[in-house]
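> Sharing a model that was predicted from the sequence below.
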Amino acid sequence: MSTPDSPLLRSLLAAVEAAPDDVPLRLHVAEQLLTAGRADEATVHIGAALQREPGSGAARALMARVLGGPTGETPAEFDWKRAEQELGVEVPPRFTAERDATETTAPVPGEESHEITVESVRLSDVAGMERVKERLETAFLAPMRNERLRRLFGKSLRGGLLLYGPPGCGKTFIARAVAGELGAGFMAVSIADVLDMWIGNSEKSLAEIFATARRNKPCVLFFDELDGLGGKRARMHASGIRNTVTQLLTELDSVASGNDGVFVLAATNHPWDIDSALRRPGRLDRTILVLPPDAAAREALLRSALAERPIAGIDLPGIVAATEGFSGADLVHLCDSAAEKAMIDSIRDGEVRMIEMRDFTAALGEVASSVGPWFDTARNVAMFANEGGVYDELVAYMKKRRQW
């Protein structure tokens, strides 16, 4: 019997990686995994086999073992409440098809309090979004890569980059891809990493974060949900929070003036709530709008979400056309909902069936785009507070989509 760490199982898994379309091999691996008590991993391989050979009786029999025991029968006392809870688990959006965004943890000198990772993804792994990639290349990446030309044309490395747009559209993944392109470490910072109830601790945390990035340069320092950390000071009543914004400004100026190799990126869903001082030249002075995925990106995201699931008769172009305006997270939720319907039927009937177009049709009746409220707010801001044309790109997109 194979154990989780047996040489035989390691060899079989390596063989599957080399020949992913070999259905008998996948089923043999799945059976070994089931014997080793690794049912979740076995299910992935069974699903891949069914996707390639929907009529495979051996694959269906193995899936039946996973779902209902050796005979494939549904247990007499099925806990529906537990099943609903398990199926309700949120799955984070996947923006790359075959490899994990984080490859390794970078070695850092001493004991660092913040993790720095080495990213394997590149902009080529970001599906679609050609306009965003072009802007990133011209405004940020090209000057970083070409030091001689940068000096010739007097291009400064001062300043950072702000990604904004509706939630769930891949801003964090793009930031990771930028780190991968630069061959730099990636350090993600959230509000929880900075804010503290005790006066002075938040400023101290910020100073430590920037110090860690400088010790480990080249490093991309990424601030997520910047509006929560760098909101407008005029609206803040607590002096501690205002001091945190001031400390962030100080650190950004320090990075700009004498710390080559630390690249500051930030993301927000609400750029209009960010303190204007953070967006002045030399700070986060370059802005890129990250919109819901275009058709090419939606197709790639759907293929990724369905890659290891048993599907049959799916009209992928039709789904792509029906999901215009969906965020990446919405697309993953749609696939999960369709899979849930097929899975519940399989559990109820005791016989595995594929995820079919009828499941997606039903899911499309239940799952809608989640970005509508964001555009409602953005429309008002762009209409009445578009100072200096900072939201011109957003206005053009909304007019094209007839949301203006």
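Received it, and whenever you're ready, just let me know what you need. As the structure is a prediction and not an experimental result, all values here were calculated from the model.

> Quick check: which ranges of the stretch 151-300 of the chain have low pLDDT?
Low-confidence segments of the stretch 151-300 of the chain (pLDDT under 70): 155-159, 235-240, 255-259.

> what are the ranges of the strands in it?
Applying DSSP state E, counting those that start in this stretch to the stretch 151-300 of the chain gives strands spanning 161-164, 185-189, 219-223, 262-268, 286-289.

> Figure out which of those strands is closest to residue 341.
Closest of those to residue 341 is strand 262-268, at 33.4 Å (criterion: CB to CB). From N, CA and C alone the C-beta is placed, and that goes for glycine too.

> re the thing from before, packed most tightly, which of the strands of the stretch 151-300 of the chain would that be?
Stretch with highest mean neighbour count among the strands of the stretch 151-300 of the chain: strand 219-223 (a mean of 27; mean count of other CB atoms under 10 Å).

> Return the list of helices and strands in contact with that strand.
helix 171-182, strand 185-189, helix 201-215, strand 262-268 (3 or more CB pairs under 8 Å, 6 or more residues apart in numbering; DSSP states H and E).

> Now do the contacts for the residue nearest to residue 162 when sequence neighbours are not counted.
Excluding the flanking residues, the one nearest residue 162 by CB to CB, 6 or more residues apart in numbering is residue 284, at 4.4 Å. Counting by CB atoms under 8 Å, 6 or more residues apart in numbering, residue 284 makes contact with 159-162, 226, 252, 264, 266, 278.

> What of residue 160?
252, 255, 263-266, 283-286.

> Please apply the same query to residue 182.
Per CB under 8 Å, 6+ apart, neighbours of residue 182: 141, 144-145, 218, 220, 263.

> Any chance of JSON lines for those, columns distance to residue 305?
Below are the contacts of residue 182 laid out as JSON lines (distance: CB to CB, whole Å):
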{"residue": "141", "distance to residue 305": "28"}
{"residue": "144", "distance to residue 305": "33"}
{"residue": "145", "distance to residue 305": "33"}
{"residue": "218", "distance to residue 305": "33"}
{"residue": "220", "distance to residue 305": "27"}
{"residue": "263", "distance to residue 305": "31"}
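
> ok, the residues you listed vs residue 8, which is closest?
For the contacts of residue 182, the nearest to residue 8 is residue 220 (41.4 Å; CB to CB).

> So that closest one versus residue 360, what's the distance?
37 Å (CB to CB, to the nearest Å).

> next one: residue 323
Taken as CB to CB, the span from residue 323 to residue 360 is 10 Å.

> Could you name every residue contacting both of those two?
residue 334.

> Which residue of these two possesses the greater neighbour count?
Using other CB atoms under 10 Å as the criterion, residue 323 and residue 360 rank with residue 360 on top: 27 against 24.

> what secondary structure does the more buried one sit in?
Classification of residue 360 using DSSP: H, G, I helix; E, B strand; the rest coil returns helix.

> show me what contacts it?
Contacts of residue 360 (CB under 8 Å, 6+ apart): 314-315, 319, 334, 338.

> change it to 7 Å
Shown in contact with residue 360 (CB atoms under 7 Å, 6 or more residues apart in numbering): 314, 319, 338.

> isn't there a helix covering the last one?
Yes. Assessed by three-state DSSP, residue 338 belongs to a helix.

> Give the buried residues for whichever helix or strand residue 62 is part of.
Element membership of residue 62, judged by DSSP states H and E, is helix 57-68. By 16 or more other CB atoms under 10 Å, the buried positions in helix 57-68 come out as 58-60, 62-68.

> what does stretch 15-22 give?
Buried residues in stretch 15-22 (16+ other CB under 10 Å): residue 16.

> please begin residue numbering at 143 from this point
OK, 143 is where the count begins now, so the last one is stretch 157-164.

> gap between the two ends of that stretch?
9 Å (CA to CA, to the nearest Å).

> what is the mean pLDDT for it?
Average pLDDT, stretch 157-164: 83.
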